[in-house]
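K.L.:
Kindly generate the corresponding structure for this input.
(2 chains)
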2 protein chains.
Amino acid sequence: MSRAKAPIGGTRGFIVPIGGDGRLIRNAAILRRFIEICGGSRAHIGIILTGSATKDAGRRYERAFRDLGGDRVSALKFETRTDCEAKRNLDMLDIVDGLFLTGSDPVHLSETLGGTSMAQKIRNRNAHGMHVAGTSAGAAFLPGQMIAAGESGTTPRADIVQLAPGLGLIERLIIDQHFRHQDRLGRLLMALTYNPLAIGIGLDEDTAAFIGPDHRLQVLGSGGITIVDPSQLQHSAIHPDRRHAPVSVVGLHLDILVEGNLYDLTAHMASIRS
Amino acid sequence: MSRAKAPIGGTRGFIVPIGGDGRLIRNAAILRRFIEICGGSRAHIGIILTGSATKDAGRRYERAFRDLGGDRVSALKFETRTDCEAKRNLDMLDIVDGLFLTGSDPVHLSETLGGTSMAQKIRNRNAHGMHVAGTSAGAAFLPGQMIAAGESGTTPRADIVQLAPGLGLIERLIIDQHFRHQDRLGRLLMALTYNPLAIGIGLDEDTAAFIGPDHRLQVLGSGGITIVDPSQLQHSAIHPDRRHAPVSVVGLHLDILVEGNLYDLTAHMASIRS
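P.N.:
Residues are numbered from 1 along each chain as shown, chains lettered A, B, ... in the order given. Just a heads-up that it's a prediction; the model follows:
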């Protein structure tokens, strides 16, 4: 819905992290669903492009959205922090129903958007009904904390992950992407050891979490979502002098969810529709 | 201890799965500890070699055991099932205090040893005090069920893993090895979905689980051990016609343990010594 249709103080928009698409855009079902929640054929979608590496991706997404029936698609170029203060760009946020973030590097997103008027306005508009999706680095960037960089591997180590502030659309959530193909469980577990109040979400490629205003997440796509809940964490020990040593983490709850499954982020509870 | 020192019907020997060593034998601490429980300088260690790929490994382990103070080391060649019925080979099992299995392919171990007099005698001698360690494929082969083959990836899929009978020294345990470097969580989760009464153990390289007669496991080595307990599994759904589709698995308990940590396989409980 557009801002005009949203009541003042009304329902928050969806937040839709997507696990990336490799080199091809396979996730037509995910984009189609995003267009749907943004208003279907009347939807106006803004695509945020940052960094030269994402220009091609931006064009591909623009075409994909048009092919799927999104007639009004605007690609917005944000190459510098100055772009994120330009009135013309900020005004655009008033008229789009949904915003789509691409990005090959979460740090670049953070460096360009973080702390700007643009970031503030995205948060504000999302709180009042604008839907925000992000794929790959654009997904990791959505919450208040993000995994900026890290190593592969199943076993957590203190130095396996670097955290940085994200966009801040949602708190107590750590999102990792390209999860199935890049063996990122260890860095997600380590991020949660640093943030035990958060829930960890590992998104496979071509797989999205549609997080509704009710804080319930629904899975859509061909892969799975790995959910790690550290709220019952009994122990974790990080040795200050042995940053590369493996870290023991006891008491994690682990769910793997697939298309159609739901997860209540408030109740920490999965539910499977059969 | 040797058989002579073990009382009739006495204590079961240790079972020691090791997560592999890459190309170098780094796990001196693990081998040293194995020699210790086998009787120290008086220990007689038998090394089982199967398959041409493991001949070099066998020689390397033979040297390593000798270098670490195991004066009596015998490498036993088992290339065919006939070797596993030969009296000379079976008699060897009566005099060793510990047995060490190498192996690059668990299926080859199963094809050569499975169902032979040798396999039966190893089970019997372990039940009466002979200690048995296995590295890499030799670790996977130790329990009653083993992961014979599988694909990489974090997300479980019905066709991601092939199970086969193992040596049968311990039941209700599924062991996967080279865990950190080969992204094997998905296949371990899938194996547990097929065996929800088992506990899953993912061993990093250069890391061992010393499983005592009391069914308590202690971690030794430079990596971590991933323990997955499916006993509270609430749901898993395998679609008969969609073997490569991701599978939802809800209600797993996950612990990462490091050197010195303990896990009680009967109580399903980790304990951390600090």
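K.L.:
what packs against the helix or strand that A:Val16 is a member of?
P.N.:
A:Val16 belongs to strand A:15-18 when assigned by DSSP states H and E. Secondary-structure packing of strand A:15-18 (3 or more C-beta pairs under 8 Å, 6 or more residues apart in numbering or on different chains; DSSP states H and E): helix A:28-37, strand A:131-135, helix A:137-140, strand A:199-203, strand A:207-211. Glycine gets a C-beta too; all of them are placed from N, C-alpha and C.
K.L.:
Buried residues of it, list them for me.
P.N.:
Within strand A:15-18, the residues that qualify as buried are A:Ile15, A:Val16, A:Pro17, A:Ile18, counting by 16 or more other C-beta atoms under 10 Å in any protein chain shown.
K.L.:
can you list the residues that contact that strand?
P.N.:
Residues outside strand A:15-18 that contact it (C-beta atoms under 8 Å, 6 or more residues apart in numbering or on different chains): A:27, A:30, A:34, A:126, A:131-136, A:138-140, A:142, A:169-170, A:175, A:177, A:201, A:203, A:207-211, A:221.
K.L.:
hang on, isn't A:Asp264 packed against A:Ser271?
P.N.:
Yes - assessed by C-beta atoms under 8 Å, A:Asp264 is found in contact with A:Ser271 at 7.3 Å.
K.L.:
which secondary element of chain A has the worst mean pLDDT?
P.N.:
helix A:179-182 (a mean of 70; mean pLDDT, DSSP states H and E).
K.L.:
any idea which helix or strand comes after that helix?
P.N.:
helix A:185-194.
K.L.:
tell me the mean pLDDT for that following helix?
P.N.:
Helix A:185-194 carries an average pLDDT of 89.
K.L.:
Export that helix to CSV, keeping only CA atoms.
P.N.:
Taking Å, rounded to 0.1, in the frame of the first residue of the first chain, the C-alpha atoms of helix A:185-194 are listed here in CSV:
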residue,chain,number,x,y,z
LEU,A,185,26.7,-21.9,10.6
GLY,A,186,29.8,-21.2,12.7
ARG,A,187,29.7,-17.5,12.0
LEU,A,188,26.0,-17.3,12.7
LEU,A,189,26.5,-19.2,16.0
MET,A,190,29.3,-16.9,17.0
ALA,A,191,27.2,-13.8,16.1
LEU,A,192,24.5,-15.2,18.4
THR,A,193,27.0,-15.8,21.2
TYR,A,194,27.7,-12.1,21.1
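K.L.:
before we move on, back to that, nearest to B:Val107, of the helices and strands packed on strand A:15-18?
P.N.:
Closest approach to B:Val107 among the helices and strands packed on strand A:15-18 is made by strand A:199-203 (30.4 Å; C-beta to C-beta).
K.L.:
The longest strand anywhere in chain A pairs with which strands, parallel or anti?
P.N.:
Secondary structure of chain A per DSSP state E: the longest strand is strand A:249-257. With DSSP bridges as the test, strand A:249-257 is paired with strand A:225-229 (antiparallel), strand A:235-236 (antiparallel), strand B:249-257 (antiparallel).
K.L.:
The helix or strand that comes right after it close to chain B?
P.N.:
Using DSSP H and E, the helix or strand that directly follows strand A:249-257 along the chain is strand A:262-264. No - applying C-beta under 8 Å from any C-beta of the partner chain, one finds strand A:262-264 separated from chain B by no less than 9.3 Å.
K.L.:
and strand A:262-264, what does it pack onto?
P.N.:
With contacts taken as 3+ C-beta pairs under 8 Å, 6+ apart, strand A:262-264 sits against strand A:216-221, strand A:269-271.
K.L.:
How about residues contacting the shortest one?
P.N.:
Looking back up the chat, that one is strand A:269-271. A:Ile227, A:Asp255, A:Leu257, A:Asn261, A:Leu262, A:Tyr263, A:Asp264, B:Gln234, B:His235, B:Val250, B:Gly251.
K.L.:
now that we have those residues, which one has the most neighbours?
P.N.:
Compared across these, A:Leu257 has the highest neighbour count, 26 neighbours, by other C-beta atoms under 10 Å in any protein chain shown.
K.L.:
residues in contact with it?
P.N.:
A:Val219, A:Gly224, A:Ile225, A:Ile227, A:Tyr263, A:Ala270, A:Ile272, B:Ser248, B:Val250.
K.L.:
same thing but at 10 Å, please
P.N.:
Residues near A:Leu257 by C-beta atoms under 10 Å, 6 or more residues apart in numbering or on different chains: A:201, A:207, A:209, A:217-219, A:224-227, A:263, A:270-272, B:155, B:246, B:248-250.
K.L.:
Among those, name the buried ones.
P.N.:
A:201, A:207, A:209, A:217-219, A:224-227, A:263, A:270, A:272, B:155, B:246, B:248-250.
K.L.:
Skipping its backbone neighbours, what lies nearest A:Gln232 in space?
P.N.:
A:Gly251 (4.8 Å; C-beta to C-beta, 6 or more residues apart in numbering or on different chains).
K.L.:
ok, the residue lying closest to A:Asp183 once chain neighbours are set aside - how many residues close by?
P.N.:
Distance criterion C-beta to C-beta, 6+ apart; nearest residue to A:Asp183, sequence neighbours excluded, is B:Asp183 at 3.7 Å. Close neighbours of B:Asp183, defined as other C-beta under 10 Å, add up to 22.
K.L.:
show me the contacts for B:Asp183.
P.N.:
Shown in contact with B:Asp183 (C-beta under 10 Å, 6+ apart): A:152-154, A:180-185, B:151-154.
K.L.:
Which PyMOL command selects the buried ones in those?
P.N.:
Buried subset of the contacts of B:Asp183, written as a PyMOL selection, criterion 16+ other C-beta under 10 Å:
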select buried, (chain A and resi 153+154+180+181+182+183+184+185) or (chain B and resi 153+154)
